[in-house]
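Trainee: Let's see this in three dimensions:
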Amino acid sequence: MPLLTFPRRETKPELMDDPECSKKLLIRTVRQFRLINLLFSASRRLIKRKLVSRMEPGRMKPYTFLDIGAGGCDTALWLADYSKKKGIPIRISCLDNDPRIAGYARSVIKKRENIELFQASVFDISRMPRFDFIFSNHFLHHFSDSQIPQILDLVEEKTEIAFLMNDLCRSRLSYLGYEIFALLFLYKSFARYDGKLSIRRGFTPEDLHRLITETRNPEFFSTGKTFPGRIYIHGFSRGRSR
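Mentor: Take a look at the predicted model:
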């Protein structure tokens, strides 16, 4: 195990998290994330298994779905199309804290009636209503260990049915694979540097277990791993069966 993983989470901030970073490079990074998410994030597969499986086709009232740290809203766009194909009514809310990313995302979703975007921090969801489903992809690793239990508590509190937080497993194999991919396909953005740093800021199963034990209601959380190099936290609202 020690040979396969980095011993501890990296704490160095990513370039794209700097509010003074180049807007041009930031937006190009967000665009390149579409390809990265499609090929490697496993988010679509996990959403189908963990969240969509709990949705009923033909329901009169649309399900509410919150995507935290939505970036360019590629997950929301896919989910809107997929749920329509399955006959599942859904209303998707996307959340991103960076005004530059939020502006770009609004231009991407402007013709989608069932997708809306809020420029806000994850901590602002304390003032929002509950959502049937809450999701995040490659989001938690941007935060410190001290902040993550607070975020998990908020997500659990604001979930009506189920939540899923997909992230990066801190692995030397993932790091090497991404380094090769980035050298071949990622140019003129922060994606090459930040992607490798993100993996080092990622988690092991032991990390997530420890962080969950620091939440108010650890019994409502479970963890899992999936290919390629992803680790996630999954849970249900209080009183709902797993």
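Trainee: Flag the shaky bits of this structure, pLDDT-wise.
Mentor: Applying pLDDT under 70 to the chain flags residues 1-3, 238-242.
Trainee: Do a quick rundown of the strands in it.
Mentor: For the chain, the strands defined by DSSP state E occupy 63-68, 90-96, 115-119, 131-137, 159-168, 221-226, 230-236.
Trainee: Could I get the phi/psi values of Pro129?
Mentor: As for Pro129, its main-chain torsions (degrees, to the nearest 10) stand at phi -70, psi 170.
Trainee: From Arg31, how far out is it?
Mentor: Note on Pro129: its distance to Arg31, by C-beta to C-beta, to the nearest Å, is 31 Å. C-beta here means a position set from N, CA and C on the backbone, and glycine is covered the same way.
Trainee: quick one: which of the two has more around it?
Mentor: Taking neighbours as other C-beta atoms under 10 Å, Pro129 and Arg31 compare with Arg31 leading, 16 against 10.
Trainee: what separates the residue lying closest to the more buried one once chain neighbours are set aside from Leu183, distance-wise?
Mentor: Spatial nearest neighbour of Arg31, excluding adjacent residues (C-beta to C-beta, 6 or more residues apart in numbering): Gly72 at 6.4 Å. As judged by C-beta to C-beta, Gly72 and Leu183 stand 23 Å apart.
Trainee: For the two, indicate the residue with more neighbours.
Mentor: Gly72 (23 against 10).
Trainee: The more buried one against Val30, yeah?
Mentor: Yes - using C-beta atoms under 8 Å, Gly72 makes contact with Val30 at a distance of 4.5 Å.
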